[in-house]
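Engineer: I would like the atomic coordinates for the input below:
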Amino acid sequence: MSIAAPAAEDGAAMTIFHLLRHGEHAMQGKICAGRMAGIGLSARGRGEAEAAAGRLAGCGIGSIYASPLDRTRETAGILAARFGLEVALRDELAELDFGEWTGLPFDAIRADPRWLPWREHRSLAQIPGGETMRQVQRRIVELMLELRERHPDDAVLLVSHGDVIRAALAFALGMPLDLFTRIEVATGSVSTVRIDHQGIRVVALNLR
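Structural biologist: Have a look, this model is predicted:
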């Protein structure tokens, strides 16, 4: 299914952000990859990126920004090649810093007594040695506002990670961070947000 380009009701300038989660990576579901280097896409993940490129082909994307991690750079590169664009890397799009949990199997993380507060209270808890969701949300939203000024009437592709995209969507929806896990953001999925003089709206969610 292709994604239609939203249109402003009054013809005013607006910035469309297509938020693409990277494709499946080689360690998906096995360990907490976090910000580990050297983890690229699986064959399925490359297929998800190709499918996303097809869905976004008619959206008039003029700029691509990506997290600097391998799996997001590889995903963004597939779309950039299709659209004839360059990829700009931005640290604000990087994965949540999982601190001490980086590289651990998920069963080991769930056995950590600090996991329960993180799972239940994302607005307050902090990963040991890592980030808070408030920090993540602040950096992604501030980046979008910066890019809104740079691309006031353009479609922009942001290639990032599940929790970062959820944080942006929760902000756009006015949803508390404690509830943001209710938003599904699958690998290779596209969610779309528009910002114009009337404010911010979620146009599409988790399209695959």
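Engineer: I'd like the average pLDDT over stretch 184-196.
Structural biologist: In this model, stretch 184-196 has an average pLDDT of 98.
Engineer: residue ranges for the strands of the protein, please.
Structural biologist: For the chain, the strands defined by DSSP state E occupy 14-21, 61-66, 87-89, 155-160, 190-196, 199-207.
Engineer: between strand 190-196 and the longest one, find me the angle.
Structural biologist: This means strand 199-207. Using axes from the mean of the first three to the mean of the last three C-alpha atoms, to 10 degrees, the inter-axis angle of strand 199-207 relative to strand 190-196 is 170 degrees.
Engineer: tell me the buried residues in strand 199-207?
Structural biologist: I200, V202, V203, A204, L205, L207 (16 or more other C-beta atoms under 10 Å). In short, each C-beta sits where N, CA and C put it, glycine included.
Engineer: cool, and stretch 133-153?
Structural biologist: For stretch 133-153, burial by neighbour count (16+ other C-beta under 10 Å) applies to M133, V136, Q137, R139, I140, V141, L143, M144, L147, R148, H151.
Engineer: rewinding a little: reformat the buried residues of strand 199-207 as TSV; add pLDDT.
Structural biologist: Shown next, in TSV, are these (pLDDT from 0 to 100):
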residue	pLDDT
I200	97
V202	98
V203	96
A204	97
L205	97
L207	97
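Engineer: what helices or strands is the lengthiest helix in the chain leaning on?
Structural biologist: Scanning the chain for the helix with the most residues, using DSSP state H, yields helix 133-150. Taking 3 or more C-beta pairs under 8 Å, 6 or more residues apart in numbering; DSSP states H and E as contact, the helices and strands that helix 133-150 lies on are strand 14-21, strand 61-66, strand 155-160, helix 162-173, strand 190-196.
Engineer: ok, back up a step: list just the nearest of the buried residues of strand 199-207 to R46.
Structural biologist: Distances from R46 to the buried residues of strand 199-207, taken as C-beta to C-beta, are shortest for L207 (18.5 Å).
Engineer: so what's that closest one bridging to?
Structural biologist: Using DSSP bridges, the beta-bridge partners of L207 come out as V190.
Engineer: wait, it touches I3, no?
Structural biologist: Yes - under the criterion of C-beta atoms under 8 Å, L207 makes contact with I3 at 6.1 Å.
Engineer: give me the common contacts of these two.
Structural biologist: When contacts are counted by C-beta atoms under 8 Å, 6 or more residues apart in numbering, L207 and I3 have R55, V190, T192 as shared neighbours.
Engineer: now the first one: how far from R194?
Structural biologist: Put plainly, it is R55. R55 is 17 Å from R194, where distance means C-beta to C-beta, to the nearest Å.
Engineer: give me the contacts around the lowest-mean-pLDDT helix or strand in the chain.
Structural biologist: Lowest by mean pLDDT, DSSP states H and E among the helices and strands of the chain is helix 115-120, with a mean of 93. The contact list for helix 115-120, computed with C-beta under 8 Å, 6+ apart, reads I109, L124, A125, Q126, I127, D178.
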